[in-house]
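J.: A predicted structure for the sequence below; I have some questions about it.
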Amino acid sequence: MASSPPSILLRQILEERLSQLSVELEGLLDAHVVTQLEHRLGPTVEKATAEARERTRSELADQLNQGARRIRQAIDSADLTAALVDATAPIASAAALLVVNDSTLRGERIRGVAVEQARAFRGLEIPLGSAAALEEATRTAEPVTAVTAPAQISTELSVFTGQTEGGRAFIYPLVVRGRAVALLYAWGSVVGPALELLTQLAAAVWTALPAPVELVSIVTDAASPSTDWSTLAPPEQQLHLRAQRFARVQVAQMRLFETDAVQSGRSRQDLYSALRTRIDAARDSFRRSFLVPGSSMVDYLHLELLKTLAHDDPQALGKDYPGPMA
């Protein structure tokens, strides 16, 4: 027997209501599940977030500390500028260092660009009159934030950084005795206060750096005759200068990374035994790179070890120390 119209209508109403209740029940179940998950996972998520934040903060602090340590250990202006630019890595997308030279700026080092651009940047000259923002930072010795229009940062710098007009540039001068001797130029994502702090540290170290080496004579071991610097050909003079720099860097690294061994060896009057591996490796590199048969080369590594680590006391190097190589 066919269903009567009222029965059909009632069935439709019941089906619609059941469908509606099913949707509402699913919604309630979803909400319940979410609530339960939040209740159960909430503390875990908060803990994980806090741990991630603390881990990031610790890693950043460690990176900045390493950068600051390298800046403090710089042995000359070239070493210092390289350390400063490298130290900006965790707090700036890209950075460049320009040295002030009268009315121009000279490109010294850049990070965040292609290798070819980085090579070409060294020696780049920018007239201060062509870059208002760079000129202001140099003149006032104060940090400057500028738009990246060519009139503000120069056309040359715009090309190297790849910045378009309307971007932002952050300029921090290295101020030595009241005068800006260089500019740190940063762009992209930048942590300004940290950059300014690194720049101030670099300026303080710059103040204490020795004057550039201008050799007029070669200091040798007392047993060897002195060599007249003026008689050396320019390529040989440059070889001596590179050898001196190599020696200073090697010994500075020993002081930085082998502090306990240096102190122990000095107190025991046996620096060589305490640093044998590092000293032998440095001697081998110096021998292969600089000791050319028949040349006027001096064992600058020996002189630097004696001066910096042994405090001019030959006995502190130890009885097993093999002595100068030249």
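T.: That came through, no problem.

J.: helix, strand or coil for Leu239?
T.: Applying DSSP: H, G, I helix; E, B strand; the rest coil to Leu239 yields a three-state assignment of helix.

J.: What is the burial count for it?
T.: Applying other CB atoms under 10 Å, we find 18 residues neighbouring Leu239. The way it works is simple: take the backbone N, C-alpha and C, and place the C-beta from them, glycine included.

J.: Around the closest residue to it other than its chain neighbours, how many other residues sit close by?
T.: For Leu239, the nearest residue in space outside its immediate sequence neighbours is Phe290; the separation is 6.5 Å by CB to CB, 6 or more residues apart in numbering. The burial count assigned to Phe290 is 22, neighbours taken as other CB under 10 Å.

J.: quick one: Phe290 and Met297, what's the gap?
T.: Shown here: Phe290 relative to Met297, a distance of 5 Å by CB to CB, to the nearest Å.

J.: how near is the residue nearest to Ala326 when sequence neighbours are not counted to Ala95?
T.: If the residues on either side of it in the chain are set aside, Ala326 comes closest to Asp299, at 4.5 Å by CB to CB, 6+ apart. With distances taken as CB to CB, Asp299 is found 38 Å from Ala95.

J.: between those two, who's got more neighbours?
T.: Neighbours per residue (other CB under 10 Å) separate Asp299 from Ala95, with Ala95 holding more: 27 against 23.

J.: Next secondary structure element downstream of the strand or helix carrying the more buried one?
T.: Assigning secondary structure by DSSP states H and E places Ala95 in strand 92-101. On the C-terminal side of strand 92-101, the closest following helix or strand by DSSP H and E is strand 104-111.

J.: Can you list the strands that that next one pairs with?
T.: strand 92-101 (antiparallel), strand 125-127 (antiparallel) (DSSP bridges).

J.: Tell me the buried residues in that strand?
T.: Judged by neighbour count (16 or more other CB atoms under 10 Å), strand 104-111 contains these buried residues: 105-111.

J.: what's the average pLDDT for it?
T.: Confidence over strand 104-111, taken as the mean pLDDT, stands at 91.

J.: what does stretch 233-243 give?
T.: For stretch 233-243, mean pLDDT is 82.

J.: With stretch 142-158 instead?
T.: Per-residue pLDDT over stretch 142-158 has a mean of 91.

J.: gap between that stretch and the chain center?
T.: Taking CA atoms, centre = their mean, to the nearest Å, one finds stretch 142-158 lying 23 Å from the centre of the chain it belongs to.

J.: how about low-confidence regions in the stretch 51-200 of the chain?
T.: 51-58, 60 (pLDDT under 70).

J.: Of all the strands paired with strand 104-111, which one comes closest to Gly162?
T.: Put simply, out of the strands paired with strand 104-111 the one that sits nearest Gly162 is strand 92-101, at 9.0 Å, with distance taken as CB to CB.

J.: number of nearby residues for the residue nearest to Ala310 when sequence neighbours are not counted?
T.: Counting by CB to CB, 6+ apart, Ala310 lies nearest to Ala316, which is 3.9 Å off, once chain neighbours are set aside. Ala316 is surrounded by 20 other residues when neighbours are defined as other CB under 10 Å.

J.: cool, Thr231 as well?
T.: Neighbouring residues of Thr231 were enumerated by other CB under 10 Å; the total is 9.

J.: gap between it and Arg242?
T.: 19 Å.

J.: Ala233 now?
T.: Per CB to CB, Ala233 is found 14 Å from Arg242.

J.: of these two, who's got more company?
T.: Using other CB under 10 Å, the more surrounded residue of Ala233 and Arg242 is Arg242, with 13 against 8.

J.: For that one, what are phi and psi?
T.: Its backbone dihedrals place Arg242 at phi -70, psi -40, with angles given as degrees, to the nearest 10.

J.: swap in Ala169?
T.: Main-chain torsions, Ala169, degrees, to the nearest 10: phi -130, psi 140.

J.: State the number of residues packed around it.
T.: Residues near Ala169, counting by other CB under 10 Å, number 24.

J.: Next, the contact list for it, please.
T.: Contacts for Ala169 were tallied using CB atoms under 8 Å, 6 or more residues apart in numbering; they are 133, 145-148, 152-153, 161, 163, 185-187.

J.: and the residues you listed, which of them are in strands?
T.: When the contacts of Ala169 are checked against strands (DSSP state E), the matches are 145-147, 185-187.

J.: May I have the phi/psi pair for Tyr172?
T.: Here the main-chain torsion angles of Tyr172 (degrees, to the nearest 10) amount to phi -120, psi 120.

J.: Might one say that it is in contact with Leu183?
T.: Yes: under the criterion of CB atoms under 8 Å, Tyr172 lies in contact with Leu183, with a separation of 7.1 Å.
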